[in-house]
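A.B. asks: This is a predicted model, with the sequence first.
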Amino acid sequence: MKYSWEEFARKMGMEPQILENKEARSLKKFVDELQPPTHCQGCQGLDLNIENPVHHPSYELTPACNHDCIFCYSNVALKMGKVPKPGYYGWENPHAITVSQYGEPLISPRIVEVNKMLREKFPNARLDLQTNGSLLTEELWRKLDFDLVMISLDAASREKHRMITKADTFENVINALKIVGADKSVRSVVRTIFMPGINDGDIPRIAELAASLGIDEMMLQPLTIHRLNEERLKKAGLDFERAESVKEYLKVAVEAKKHIDVRISGCQLAIYKTLDAITLYGANRVARDVAPLVKRKRTSF
């Protein structure tokens with residue numbers, strides 16, 4: 001004799017929703033339909049058959065930054081003496097190169113020079129700029145040549161932005177989004193970190209704002225809690241338990257998706273796609289770390 005989920009649950013004395021969670025199935029469908037972020041495409045982290053994947057190559061310009069974000073891994077690396085020296089970290093014939101993963105690249109007076117050098121040296125590579133956007137001007141933008149630009153924004157108001165970054169640059173970042181969003185020759189991305197208790201309510205508003213400025217995509221990333229940042233995050237109101245919940249992360253992504261093409265961290269997405277609905281719904285990710293490490297070697301050319 002065959003039972004439906006509801007009949008079987010009642011026979012076992014359980015509530016049907018324990019076995020058939022509509023929200024879990026909805027989140028699973030959402031995950032299965034998601035594409036990885038454009039920035040993650042071509043990265044080893046999308047291939048679960050690679051035992052020890054590494055990020056795309058990067059060109060590091062400077063560890064300096066005009067922001068002091070409460071969650072920043074680069075700041076932790078700098079304090080621990082782990083920040084990479086300026087230079088190229090990667091290999092020949094890369095799919096993509098990021099400028100840069102540490103510090104704020106637009107601080108460097110070499111940004112235009114390095115951009116041109118990379119374009120000439122790696123003509124087939126996608127060039128990604130990762131920046132907080134606060135130093136981007138129309139004049140500088142005309143001198144740059146990137147295929148994808150990621151601008152970090154973790155708050156929907158000047159006050160919240162100042163609390164997170166310790167810098168009064170919200171309007172500068174909005175202006176950068178306008179500049180990049182108006183240029184349809186590049187893929188424009190707003191890069192946002194999920195920090196429940198701090199900015200989860202802001203994320204759908206950031207998505208709506210970014211879309212209104214012509215931004216193509218939101219890259220929503222989970223928070224990694226580094227030991228040196230724990231106290232700062234605690235004082236800011238971080239909900240540590242929810243920060244590790246896959247369900248909470250995905251629920252915010254669903255809300256942001258109403259406004260913009262939202263994508264979640266590619267290496268996380270690759271894992272989530274392998275999970276069934278109930279496992280995905282109850283899963284937690286390991287969100288703690290001591291210091292970020294660069295697995296790629298510095299290469300001269």
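C.D. replies: That came through, no problem.

A.B. asks: right, and the helix or strand after whatever helix or strand M163 lives in?
C.D. replies: Using DSSP states H and E, M163 falls within helix 158-165. Counting by DSSP H and E, the element after helix 158-165 in chain order, helix or strand, is helix 170-181.

A.B. asks: Could you list the buried residues of that following helix?
C.D. replies: The neighbour-count check on helix 170-181 (16 or more other CB atoms under 10 Å) flags 170, 172-177, 179-181 as buried. The way it works is simple: take the backbone N, C-alpha and C, and place the C-beta from them, glycine included.

A.B. asks: ditto for stretch 124-137
C.D. replies: For stretch 124-137, by 16+ other CB under 10 Å, it's 125-136.

A.B. asks: Please name the residues that touch A211.
C.D. replies: Neighbouring residues of A211 by CB atoms under 8 Å, 6 or more residues apart in numbering: 259-260.

A.B. asks: any idea which strand is longest in the protein?
C.D. replies: strand 187-194 (DSSP state E).

A.B. asks: Kindly export the following helix or strand past that strand (C-alpha atoms) in PDB.
C.D. replies: Moving toward the C-terminus from strand 187-194, the next helix or strand (DSSP H and E) is helix 203-212. Written as PDB, here are the backbone C-alpha positions of helix 203-212 (Å, rounded to 0.1, in the frame of the first residue of the first chain):
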ATOM      1  CA  ILE A 203      20.100  43.800   0.900                       C
ATOM      2  CA  PRO A 204      16.800  43.900  -1.000                       C
ATOM      3  CA  ARG A 205      17.100  47.700  -1.000                       C
ATOM      4  CA  ILE A 206      20.600  47.600  -2.300                       C
ATOM      5  CA  ALA A 207      19.400  45.200  -5.100                       C
ATOM      6  CA  GLU A 208      16.600  47.600  -6.000                       C
ATOM      7  CA  LEU A 209      18.900  50.700  -5.900                       C
ATOM      8  CA  ALA A 210      21.600  48.900  -8.000                       C
ATOM      9  CA  ALA A 211      19.100  47.800 -10.600                       C
ATOM     10  CA  SER A 212      17.700  51.400 -10.900                       C
END
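
A.B. asks: Give me the contact list for the helix or strand following helix 203-212.
C.D. replies: The element immediately downstream of helix 203-212 (helix or strand, assigned by DSSP H and E) is strand 217-222. Contacts with strand 217-222, where a contact means CB under 8 Å, 6+ apart, come from 37-39, 150, 187-194, 203, 206-207, 210, 243, 249, 252-253, 256, 260-265, 268, 285, 287.
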